[in-house]
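# Turn this into a model:
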Amino acid sequence: MILFTHAEARDFRVLFARCVAGRPRGPAPPLLIRFAGNTRALCCTTNDGVILMHSSSVEGEHDELLVLPGSSLSEIEGSTDEGVQLDRQSKLRGALHWHTGTKPRKLPVELILPGKQHVIPELPELSAVSSKLLSAFHECGRSAARDNGRYAMSRIQLQGRTGRVVGTDGKVALLANGFQFHFTDDILVPALPLFGSKPLLLANEVRVGLTSTHLVVVAGPWSVWLPFDVKARYPDVPSLIPRRPLTVVQLDDHDVVELLKVLSGLPGKDDEDSPITIDAGGMVTIRGRGAKTSETQEVTLAHSTVTGPAQQVVFNRRILARALSLGCRTLKLTPEKPVVAEGVHIVVLALPLDSSLIVSPTIVGPPPTPALAQPIPIPERSNHMPTNETNGHTPPRGDPADPLVAAEELRDALTDAAAKAARLVALLKAGRKHNKVLASVFANLKQLGLDSGGPR
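You can find the predicted model right below:
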């Protein structure tokens, strides 16, 4: 009896390890192998109720349910399609046989007596969806939080009516849309890393179904059963997207390719939140400055365009790089609102960083070149002004006035006026104090009857 191939054992073990968010706890759960008709199904369930199943066609095997220790997979996995056979010595004892190259291998196993808890569920009614759903699950899962707080942000949300998948950790949110689900409710499912795995992404066809407790995602021979929740609270992420953005930046594909080459190396990459300044004015400029060295560099996106008033926002370069890598080419900027990056059926949004981190241009540089090259270093601003050289002679009356001389004369005049004003204020204060003293003296004299030469 052939249970599985080396490659199937390897893929199943790797994918099942990714059915758990975080590190696995406790011993490996048992592996169920069911032969029914011409189908062989491998199935395993996590402690959180996530089920992984692999189905394949077989011939000549009688119907049976076997339960093996889950740890046996790591002993026999490999990269070949050679089958692993079970030699039954008794009802609950056997040995697994396979080859490593030309060398035969053997692993004794203690089978587990099947019970009511060892059940492989039947697939529900399934409907086809875009294969991009797997990538949506993967990317939204990357955006989810590790732990729940007020909201269940360790999960991802499927919005049945709008055909949208949402993931957020409260700082960054990702929305994937354009799907058609056969259900209308909003459900929450675990955010798991397995949907970015190669065995699933190789599937050409993806289908989904819904049971009373699980969302079932079928990709080729694999099916993943995700327990869902409809009662837990989840933030209304779509409502955070400004309906009428003030400024829209349309990024050119060539600009994006070149920007991604240098974005991570701009100054400030090791600072908290790795800030960069998005300067959307007449041209689009990405600018970075190191907090310790004050070194400033900028990259001009010569082919990108801006619609709306000029804006400068500070953004996390890692989030920007991720959005660009996902195909986002439109940036929507609205004061005191999240920065929105949009692509085809994908939206990434995150709050801008503190405006005090904005790096403004310090010099007026030459016109941008048609193509991006290396980041342009910007020298520090110097406060030193050269003195006016007149060789000791006053410029003739007909010469144009020197702005520096005029500025110095104005400064001297203002300084002299300020000194005179200070002296005048001091005199007025002294006079007011003197008058108050005299008034007090006259009042006392009047009360004593001494203001008219003595008592009458």
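# List the residues that contact the closest residue to residue 290 other than its chain neighbours.
If you skip the residues right next to it in sequence, residue 290 has residue 267 as its closest partner in space, 3.8 Å away by C-beta to C-beta, 6 or more residues apart in numbering. Any C-beta I mention is one placed from the backbone N, CA and C, and that applies to glycine too. With contacts defined as C-beta atoms under 8 Å, 6 or more residues apart in numbering, residue 267 is in contact with 288-290, 293, 295-297.
# Show me how to select, in PyMOL, the buried members of the residues you listed.
Remark: buried members of the contacts of residue 267, expressed as a PyMOL selection using 16 or more other C-beta atoms under 10 Å:
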select buried, resi 288+289+295+296+297
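# out of the contacts of residue 267, who's nearest residue 315?
residue 288 (10.9 Å; C-beta to C-beta).
# Now do the contacts for that closest one.
For residue 288, the contacting residues are 266-269, 275-277, 296-298, 317, 359, 375, taking C-beta under 8 Å, 6+ apart as the criterion.
# Share the number of residues neighbouring residue 99, please.
Applying the criterion other C-beta atoms under 10 Å, we find 14 residues in the vicinity of residue 99.
# just to revisit the earlier point, okay, and which of the contacts of residue 288 map to helices?
Residues of the contacts of residue 288 located in helices (DSSP state H): residue 317.
# Top of the contacts of residue 288 by number of neighbours, please.
For those, the largest number of neighbours (other C-beta under 10 Å) sits with residue 276, at 29 neighbours.
# residues touching that residue, list them.
263, 266, 268, 286-288, 314-317, 320.
# do that again at 7 Å, thanks
For residue 276, the residues meeting the contact criterion (C-beta atoms under 7 Å, 6 or more residues apart in numbering) are 266, 268, 286-288, 315, 317, 320.
# now swap in residue 51 and tell me
For residue 51, the contacting residues are 43, 45, 121, 225, taking C-beta under 7 Å, 6+ apart as the criterion.
# Kindly present these as CSV, with separate columns for secondary structure, pLDDT and distance to residue 282.
As requested, these are arranged in CSV below (DSSP: H, G, I helix; E, B strand; the rest coil; pLDDT from 0 to 100; distance: C-beta to C-beta, whole Å):
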residue, secondary structure, pLDDT, distance to residue 282
43, strand, 96, 61
45, strand, 96, 59
121, coil, 93, 61
225, strand, 98, 54
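# quick revisit: so of the contacts of residue 267, which ones are in strands?
If you go by DSSP state E, the contacts of residue 267 have 288-289, 296-297 in strands.
# Pick out whichever of those residues sits closest to residue 333.
Taking C-beta to C-beta as the measure, residue 288 is the one of the ones in strands among the contacts of residue 267 closest to residue 333, at 18.0 Å.
# what about stretch 105-118, start to end distance?
Looking at stretch 105-118, the gap from its leading to its trailing residue is 29 Å under the measure C-alpha to C-alpha, to the nearest Å.
# Also stretch 299-306?
Stretch 299-306 has an end-to-end distance of 16 Å (criterion: C-alpha to C-alpha).
# now swap in stretch 331-342 and tell me
Between the start and the finish of stretch 331-342 there is a gap of 7 Å, counting by C-alpha to C-alpha.
# Adjust the sequence numbering to begin at 153 for everything that follows.
That works, and once the first residue is 153, the last one we named lands at stretch 483-494.
# If we go by neighbour counts, what in it is buried?
Judged by neighbour count using 16+ other C-beta under 10 Å, the buried positions of stretch 483-494 are 483-486, 489-494.
# what sits up against that stretch?
392-394, 397-401, 403, 432, 463, 465, 467, 475, 480, 482, 499-504.
# Can you pick out the most distant pair from the buried residues of stretch 483-494?
Taking C-beta to C-beta as the measure, the buried residues of stretch 483-494 reach their widest spread between 489 and 494, a distance of 14.1 Å.
# Please, where are all the strands along the stretch 403-552 of the chain?
For the stretch 403-552 of the chain, the strands defined by DSSP state E, counting those that start in this stretch occupy 427-432, 436-441, 448-453, 457-459, 463-468, 482-485, 491-495, 498-502, 528-530.
# In CSV: the ones you listed, plus mean pLDDT and distance to residue 327.
As requested, these are exported to CSV (pLDDT from 0 to 100; distance: least, C-beta to C-beta, whole Å):
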stretch, mean pLDDT, distance to residue 327
strand 427-432, 96, 21
strand 436-441, 95, 24
strand 448-453, 94, 25
strand 457-459, 97, 22
strand 463-468, 97, 18
strand 482-485, 98, 13
strand 491-495, 98, 10
strand 498-502, 97, 4
strand 528-530, 54, 35
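# among these, which is nearest residue 244?
Between the strands of the stretch 403-552 of the chain, strand 498-502 lies closest to residue 244; by C-beta to C-beta that is 51.4 Å.
# quick one: contacts of that closest one?
Contacts made with strand 498-502 from outside it, assessed by C-beta under 7 Å, 6+ apart, are listed as 323-328, 392-393, 468, 471, 474-475, 478-480, 490-493.
# Could you list which of those residues belong to helices?
Residues of those located in helices (DSSP H): 471, 474-475.
# Neighbour-wise, which one of the residues you listed leads?
Per-residue neighbour counts (other C-beta under 10 Å) across these peak at residue 475, which has 27 neighbours.
# I'd like the distance between that one and residue 481.
Remark: distance between residue 475 and residue 481 (C-beta to C-beta, to the nearest Å) = 9 Å.
# do residue 204 as well
With distances taken as C-beta to C-beta, residue 204 is found 36 Å from residue 481.
# what's the answer for residue 442, then?
28 Å.
# thinking again about what came up before, turn the strands of the stretch 403-552 of the chain into a markdown table, columns for distance to residue 164.
Listed next are the strands of the stretch 403-552 of the chain as a markdown table, based on distance: least, C-beta to C-beta, whole Å:
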| stretch | distance to residue 164 |
| --- | --- |
| strand 427-432 | 43 |
| strand 436-441 | 44 |
| strand 448-453 | 46 |
| strand 457-459 | 50 |
| strand 463-468 | 37 |
| strand 482-485 | 41 |
| strand 491-495 | 34 |
| strand 498-502 | 31 |
| strand 528-530 | 52 |
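# Tell me if residue 339 really is in a strand.
Yes. Following the definition DSSP: H, G, I helix; E, B strand; the rest coil, residue 339 is counted among the residues of a strand.
# Name whatever forms a beta bridge with it.
Listed beta-bridge partners, residue 339: residue 310 (assigned using DSSP bridges).
# wait, isn't it in contact with residue 382?
Yes. With contact defined as C-beta atoms under 7 Å, residue 339 and residue 382 form a contacting pair (5.5 Å).
# Please consider this matter closed, and thank you.
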